[in-house]
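A.B. asks: Fold the stuff below for me.
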Amino acid sequence: MGRINSALEHEILNQRAHWFNWSPVFLAFGVGAYFELPNEPNFSQYIWISTFALCVMGVFIFSSIAFRVVFGAILIVCLGFFAAAFRANQVSAPVLKYRYYGPIEGRIIAIDKSSSDALRITLDEVKMGKISSGRTPHRIRLSLLSTSANQNFNPGSIIQATGFMMPPQSPVEPDGFDFRRHAWFLKLGAVGYTRKPVILLQPAGKTMDLALFKYRMKFSKRLQKNLPERTSGFAAAIMTGDRSGIKQEHVIALRRSNLAHLLAISGLHMGLLVGVIFAALRWVLISLPIFILRSKAKKIAALGALIFAFIYLGLSGFNIATQRAFLMVSLMLCAILFDRRALSLRAVALAAWLILIYRPESLLSAGFQMSFAATFALVISFRWINNRRQGHPKKWFSPILTVILTSLIAGLATAPIAAAHFNQIVHYGLIANILSVPVMGALVAPGAILSVSLMPFGAEIIGLWIVDFGLAWILKVATFFANQKNAVSGIVMPKTWILALGMVAILQFSLWQSRLRMLGVIGIFAAGMSWYQTQRPDILIADRGALVGVMTSEGRAISKPKGAGFVARIWLENDGEKTNQSGAHVRWKNQRPPFIFHHWSKRLAPKIVHCKSNEIHISIVPQNIIGNCVIYNQEDLEETGSLAIWRDASGKIEKINVTLDKRKTRVWSPPRWRRFNR
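C.D. replies: Reported below is the predicted structural model:
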């Protein structure tokens, strides 16, 4: 036992250089543990966890250095758990308990577009008919499907509409993306739409809380007015965060060419802005004859870049992705101010700490995971490259090679995460990024800075011409590769633990300082094999029985050619298929297994059905089903939510997962809501 303790202590001490770099991983374990719990912890459970943490702290004080590291890691896990729990309760706000149709009134605080290209507004100060103020959601999101979508809505305006609202929807299949949780942290208590005209009750007032939003929208409209239609929406999206003007066809092309990250104001845009400002300021200061400015040029340029980065953060609307990017570049620039290495693993770890403490829910987002994966991979890779290149003179093609390597490394690092979240692999993404990212840095970013600088003089068109040229090129590249026959292929949705295992294994291989790093290779292989062997449900049944999907030898067969289109699309994407709903319905007509029946049409469904013991009947119409078969009606499915069913080799039901389990409740998933207000 003593030998084991000695070996363990020696192994831990060998990792001294990376102790801090590992700490956000344990913080993430705690955050992830909270979100993966089946039930919300009660008061007594919090007391038990707190007591456990205090006991660990007591042992921590009297332990050796190596074991302090172990107990410190346990304390950090507990800290992550409590940070996530605190945040989840801090953002608590009323959620609509039933479907609602009636008058809606509120103040516009955000304007964007839905995935169906419909204009969408977010409202606060909400009033909904006779619903009391204590039960009315603090924020709602309303899609405009009428001629009102062509109106010019201003931030702060108070509007009235008659619309259909519902609570945030549960996952379309068990273990799928939970929009309820996503909406909870946005304080979004209801979503819906209106097909009727929207009435302006009160123009936007001069309120300070929306002053920045109003300026952003004004700036966005000015940009779109001075740019051609082809690039105006794209420019507004990357300069102000306003995506309401970008065409859906451009969004699809950017996604299919792996260039969608250029739309989000994240690390790339913030890095390009800071890089251009820093380089320009430093060049100007070095050129000046004043010695004090020349000697401090690097630090003054870093301070100037930091100020511009903060302005860009405000101009983008302080969205979460931009906050994360601003934090990263701030740490980098502060390191320059204090004569430290600008980009290091410690800076990456510190940024992860700050984000996970401030917004623990970020851990679950693709943006957080991809951003840190790319940054970590670039730091590790270029540190290794620079060590190998020491003593060798730089070649003329070094900048070109750096751009190619950056795209390659970041692309490889983020590819598994993108595949897990979006269920697709983009085959031409690398070359599309190599052709586009340099243009974003060399033309679009400088042009955007120039246009903003000239805007007070009314001469922004000079910079916007450069922006238009660069964005037009990027859209041409995106469209070209998106239209290739095999541009994208699907991949099955992995379990959450598979992605977590893969990321921890990569960290183990990259950071560990002994032969035990090879455990990371085993972990990567195990994660890959587990993903490859993921078994999708044999049968999927939608919430309230609106749709049924059954796995066949050629893929999933869908019971209806149209209707519940969003559900069908997500099912097929999670299966790793690129077939549309109508194509999947052809399989239902030609290859539907004889054991499954979906009765969804009053006209087509028989009044009386005699069934066999091995059959499954899903019925949402009035009928009498006689026999010893498995029957799910609309009332059953309203209680359970969507279902996932696995069958064994003999055809018997082996496992059933439900979305709405009465035994499992979280703050964002309350008991089942009623169909309509009563």
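A.B. asks: Pull the contacting residues for residue 46.
C.D. replies: Applying C-beta atoms under 8 Å, 6 or more residues apart in numbering to residue 46 gives the contacts residue 85. To be clear about C-beta, it is placed using only N, CA and C from the backbone, and glycine gets the same treatment.
A.B. asks: Tell me how far it lies from residue 193.
C.D. replies: Here residue 46 is placed at a distance of 40 Å from residue 193 (C-beta to C-beta, to the nearest Å).
A.B. asks: how many other residues sit next to the closest residue to residue 385 other than its chain neighbours?
C.D. replies: Nearest residue to residue 385 in three dimensions, chain neighbours excluded: residue 405, at 7.5 Å (C-beta to C-beta, 6 or more residues apart in numbering). Using other C-beta atoms under 10 Å, residue 405 has 14 neighbouring residues.
A.B. asks: before we move on, what about the one 3 residues further on?
C.D. replies: Applying other C-beta under 10 Å, we find 15 residues neighbouring residue 408.
A.B. asks: and what of residue 506?
C.D. replies: Neighbour number of residue 506 under other C-beta under 10 Å is 21.
A.B. asks: Ok, the one 5 residues further on next?
C.D. replies: Using other C-beta under 10 Å, residue 511 has 18 other residues around it.
A.B. asks: same deal with the one 4 residues further on?
C.D. replies: Using other C-beta under 10 Å, residue 515 has 7 other residues around it.
A.B. asks: and what of residue 406?
C.D. replies: Residues near residue 406, counting by other C-beta under 10 Å, number 19.
A.B. asks: how about the helix or strand containing residue 402: buried residues?
C.D. replies: Using DSSP states H and E, residue 402 sits within helix 398-422. Residues of helix 398-422 classed as buried: 403-404, 406-407, 409-411, 413-422 (neighbour count, 16 or more other C-beta atoms under 10 Å).
A.B. asks: With stretch 173-180 instead?
C.D. replies: Going by neighbour count (16+ other C-beta under 10 Å), the buried part of stretch 173-180 is 173, 174, 176, 178, 179, 180.
A.B. asks: which residues sit in contact with residue 348?
C.D. replies: Counting by C-beta under 8 Å, 6+ apart, residue 348 touches 21, 328, 372, 375, 376, 379.
A.B. asks: now do residue 84
C.D. replies: Contacts of residue 84 by C-beta under 8 Å, 6+ apart are 30, 31, 34, 35, 360, 361.
A.B. asks: Show me what the host helix or strand of residue 233 packs onto, helices and strands only.
C.D. replies: Assigning secondary structure by DSSP H and E places residue 233 in helix 229-240. When contacts are defined as 3 or more C-beta pairs under 8 Å, 6 or more residues apart in numbering; DSSP states H and E, helix 229-240 sits against helix 211-226, helix 445-454, helix 461-482.
A.B. asks: Please enumerate the helices of the stretch 51-200 of the chain.
C.D. replies: 65-90, 179-184 (DSSP state H, counting those that start in this stretch).
A.B. asks: If you average pLDDT over each of those, which is lowest?
C.D. replies: The minimum mean pLDDT among the helices of the stretch 51-200 of the chain belongs to helix 65-90 (a mean of 89).
A.B. asks: any low-confidence regions in the stretch 351-500 of the chain?
C.D. replies: 389-400 (pLDDT under 70).
A.B. asks: same thing but at 80, please
C.D. replies: Scanning the stretch 351-500 of the chain for pLDDT under 80 picks out 385-404, 406-407.
A.B. asks: pLDDT at residue 142, what is it?
C.D. replies: What the model reports as pLDDT for residue 142 is 94.
A.B. asks: please renumber so the chain begins at 9
C.D. replies: Got it, the first residue is 9 from now on, which makes the last one we talked about residue 150.
A.B. asks: Can you tell me the closest non-neighbouring residue to it?
C.D. replies: Once flanking residues are discounted, residue 150 sits nearest to residue 129: 5.5 Å by C-beta to C-beta, 6+ apart.
A.B. asks: Against residue 117, how distant is the one you found?
C.D. replies: Taking C-beta to C-beta as the measure, residue 129 falls 8 Å from residue 117.
A.B. asks: again with residue 39
C.D. replies: 28 Å.
A.B. asks: Equivalent analysis for residue 229, please.
C.D. replies: Between residue 229 and residue 117 the computed distance is 17 Å (C-beta to C-beta).
A.B. asks: swap in residue 298?
C.D. replies: 47 Å.
A.B. asks: Quick check on those two: which one has the bigger neighbour count.
C.D. replies: residue 117 (16 against 8).
A.B. asks: give me every residue that touches the more buried one.
C.D. replies: 130, 131, 132, 147, 163, 164, 218, 221.
A.B. asks: same thing with residue 427?
C.D. replies: Applying C-beta under 8 Å, 6+ apart, the residues near residue 427 are 433, 499.
A.B. asks: gap between residue 562 and residue 598?
C.D. replies: The spacing between residue 562 and residue 598, counted by C-beta to C-beta, is 9 Å.
A.B. asks: Neighbour count: the two, which is higher?
C.D. replies: Counting neighbours by other C-beta under 10 Å for residue 562 and for residue 598 shows that residue 562 has the greater number, 13 against 10.
A.B. asks: So for the more buried one, what's the nearest residue that isn't a sequence neighbour?
C.D. replies: Spatially, and ignoring its direct neighbours in sequence, residue 562 is nearest to residue 595 (6.0 Å; C-beta to C-beta, 6+ apart).
A.B. asks: hang on, that neighbour in a strand?
C.D. replies: No: read with DSSP: H, G, I helix; E, B strand; the rest coil, residue 595 is helix and lies in no strand.
A.B. asks: Near it, how many other residues are there?
C.D. replies: Residues near residue 595, counting by other C-beta under 10 Å: 20.
A.B. asks: okay but it is in contact with residue 564, surely?
C.D. replies: Yes: using C-beta atoms under 8 Å, residue 595 makes contact with residue 564 at a distance of 7.4 Å.
A.B. asks: Run through the helices of the stretch 459-608 of the chain in chain order.
C.D. replies: Under DSSP H, counting those that start in this stretch, the stretch 459-608 of the chain gives helices at 469-490, 504-519, 526-540, 573-582, 589-599.
A.B. asks: Helix 237-248 and the first one, what's the angle between them?
C.D. replies: Right, the one you point to is helix 469-490. 110 degrees (axes from the mean of the first three to the mean of the last three C-alpha atoms, to 10 degrees).
A.B. asks: Could you list the low-pLDDT ranges of the stretch 9-158 of the chain?
C.D. replies: Low-confidence segments of the stretch 9-158 of the chain, defined by pLDDT under 80: 9-25, 64-75, 122-125, 154-158.
A.B. asks: Just give me the neighbour total for residue 444.
C.D. replies: Applying other C-beta under 10 Å, we find 26 residues neighbouring residue 444.
A.B. asks: and what of residue 387?
C.D. replies: Residue 387 has 19 neighbours, counted by other C-beta under 10 Å.
A.B. asks: Pop out the phi and psi values for it.
C.D. replies: Backbone geometry at residue 387, expressed as degrees, to the nearest 10, gives phi -60, psi -50.
A.B. asks: Could you do the one 3 residues further on as well?
C.D. replies: When read as degrees, to the nearest 10, the backbone of residue 390 gives phi -70, psi -30.
A.B. asks: Now do the contacts for it.
C.D. replies: By C-beta under 8 Å, 6+ apart, the contact set of residue 390 is residue 413.
A.B. asks: remind me, longest strand of the chain?
C.D. replies: In the chain, assigned by DSSP state E, the strand with the most residues is strand 108-121.
A.B. asks: Now that strand: buried residues?
C.D. replies: Neighbour-count burial for strand 108-121 [16+ other C-beta under 10 Å]: 108, 112, 113, 114, 115, 116, 117, 118, 119, 120, 121.
A.B. asks: quick check, distance from that strand to the centre of its chain.
C.D. replies: Centre-to-centre, strand 108-121 and its host chain are 24 Å apart (C-alpha atoms, centre = their mean, to the nearest Å).
A.B. asks: what pairs with it, and is each one parallel or antiparallel?
C.D. replies: Paired strands of strand 108-121, with direction, are strand 127-135 (antiparallel), strand 166-174 (antiparallel) (DSSP bridges).
A.B. asks: need these in JSON lines with mean neighbour count and distance to residue 15, can you?
C.D. replies: JSON lines is the format used below for those (neighbours: other C-beta atoms under 10 Å; distance: least, C-beta to C-beta, whole Å):
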{"stretch": "strand 127-135", "mean neighbour count": "19", "distance to residue 15": "56"}
{"stretch": "strand 166-174", "mean neighbour count": "19", "distance to residue 15": "58"}
